[in-house]
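need coordinates for the below:
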Amino acid sequence: MIVVMGASSATGSALVRGLAALGRPSRALTRDPERLRAELSPATLQWTEIHPADATDPATLRAAFTDARQLFLTMTNGPRQIELENRCIDIAAATGIEHIVKLSAPAAEPGSPVTFSRWHHAIEEQLRASRMEHTILRPYAFMQKLLTLAPGIAARSLFTGAMGTAACNYIDCRDIADVAAAVFTRPELTGRTYTLTGTEAITHAELATRLTRLLGHPIRYLDLPPTAFRDSLIREAGMPPWLATHVMEIQQLAVTRPEHPTDTVTRLLGSSPRTLDDFLRENLELFRRQ
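Prediction:
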């Protein structure tokens, strides 16, 4: 049995669907079982056991991990990241999990300029100390996160950032899930660390140009100083300060460490990852003026 944490997330739900397509059963963990059940097709549900669980409740984790062999460890970034993920690792070890695939972050190292990347490094260290078999996935920016820009673009034909002319790697969460499914089902891929990107790195100005072309009217990118960008996320988007700081740090990472696409997804899956243009076309109505 493969346990999928965060099964309601973009990556987690894609993994549940991918495992079902491969004929591999999974136990999908969520705080809202009925919602997840409504989102999955009957074909996927045939291979999926939906289990209520919450990382803040150790008892639900112990019940969810019992009799399982593999675990997909992912959580929404937050201030309790290290505490909660390390708890999952400890409970997994105690309940007999043999292999963990952890969704980590780029620049996961002790001196990283990104706070959450430092935290992911600490969690990776806990995994290594556990002596369980583990595989680490380090994806760059999720294409799905671009959808948070859609309301502002639809309303004002404008989005802001703090990346200057730096290019950012993007990857579709479905490609991350496909890699995870491959790792779970192909033992020769386990025990390694994989850096995952899509096919290209592009600047925010290039993103504006592509949206202009697809939408048929001008879309503008406004570059802000990092602290001004952070403050705007708090003031205008209502983000808590820790999350606004994280978004700012991620964008500044692209400035201080130039990003370039890898061929990892192609090598592992034998096919190219989804393109940003295809993702934008798929979700174009969300960016369009109503």
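
so what strands line up beside the strand with the most length in the chain?
Here the longest strand in the chain is taken by residue count, with DSSP state E as the criterion, and it is strand 133-139. Strand 133-139 has these partner strands in its sheet, going by DSSP bridges: strand 99-103 (parallel), strand 193-196 (parallel).

in the shortest one, what counts as buried?
Buried residues in strand 193-196, counting neighbours by 16 or more other C-beta atoms under 10 Å, are found at 194-196. For every residue, glycine as well, the C-beta is placed using N, CA and C.

contacts made by that strand with the rest, please.
Surrounding strand 193-196, the residues in contact under the criterion C-beta atoms under 8 Å, 6 or more residues apart in numbering are 104, 106, 135-140, 171, 175-176, 179, 262, 264-265, 268.

equivalent analysis for the longest one, please.
Residues external to strand 99-103 that are found in contact with it (C-beta under 8 Å, 6+ apart): 11, 69-74, 85, 89, 92, 123-124, 127, 132-137, 139, 176, 180, 183-184, 190.

next one: stretch 257-274
By C-beta under 8 Å, 6+ apart, the list of residues contacting stretch 257-274 from outside reads 107, 140, 143, 166-169, 171-172, 174-175, 178-179, 182, 189, 194-201.

can you say which of those are buried?
Going by neighbour count (16+ other C-beta under 10 Å), these have 107, 140, 143, 166-169, 171-172, 174-175, 178-179, 182, 194-201 buried.

so who does the residue nearest to residue 201 when sequence neighbours are not counted touch?
Distances taken as C-beta to C-beta, 6 or more residues apart in numbering place residue 167 nearest to residue 201, at 3.9 Å, with adjacent residues excluded. Contacts here follow C-beta under 8 Å, 6+ apart; on that basis residue 167 touches 201-203, 206, 254, 258-259.

got a ChimeraX select line for the buried ones in those?
In ChimeraX syntax, the buried subset of the contacts of residue 167 is picked out as below (16+ other C-beta under 10 Å):
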select :201,202,203,206,254,259
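
what's the farthest-apart pair in the contacts of residue 167?
Across the contacts of residue 167, the two members that end up farthest from each other (C-beta to C-beta) are 206 and 258, 14.7 Å apart.

and the closest residue to residue 220 other than its chain neighbours, what pLDDT?
Nearest non-adjacent residue to residue 220, counting by C-beta to C-beta, 6+ apart: residue 158, 5.0 Å away. Per-residue confidence at residue 158 stands at 94 (pLDDT).

need the contact list for residue 284.
So, once contact is read as C-beta under 8 Å, 6+ apart, residue 284 ends up touching 214-215.

picking up where we left off before, which one of the buried residues of strand 193-196 is nearest residue 111?
Nearest to residue 111 among the buried residues of strand 193-196, counting by C-beta to C-beta, is residue 195 at 17.7 Å.

and that closest one, how far from residue 124?
Noted for residue 195: a distance of 13 Å to residue 124, by C-beta to C-beta, to the nearest Å.

what comes up buried for the longest strand of the chain?
134-139.

where do the strands sit along the stretch 51-200 of the chain?
With DSSP state E, counting those that start in this stretch as the definition, the stretch 51-200 of the chain shows strands at residue ranges 70-73, 99-103, 133-139, 141-142, 158-161, 168-171, 193-196.

any chance of those strands in a markdown table, with distance to residue 224 too?
A markdown table is the format used below for these (distance: least, C-beta to C-beta, whole Å):
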| stretch | distance to residue 224 |
| --- | --- |
| strand 70-73 | 34 |
| strand 99-103 | 29 |
| strand 133-139 | 25 |
| strand 141-142 | 18 |
| strand 158-161 | 5 |
| strand 168-171 | 16 |
| strand 193-196 | 28 |
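
tell me the domain ranges of the protein?
2-139, 141-172+198-258+273-290 (automatic domain parsing).

which of the ones you listed sits most buried?
domain 2-139 (a mean of 19; mean count of other C-beta atoms under 10 Å).

done for today, thanks.
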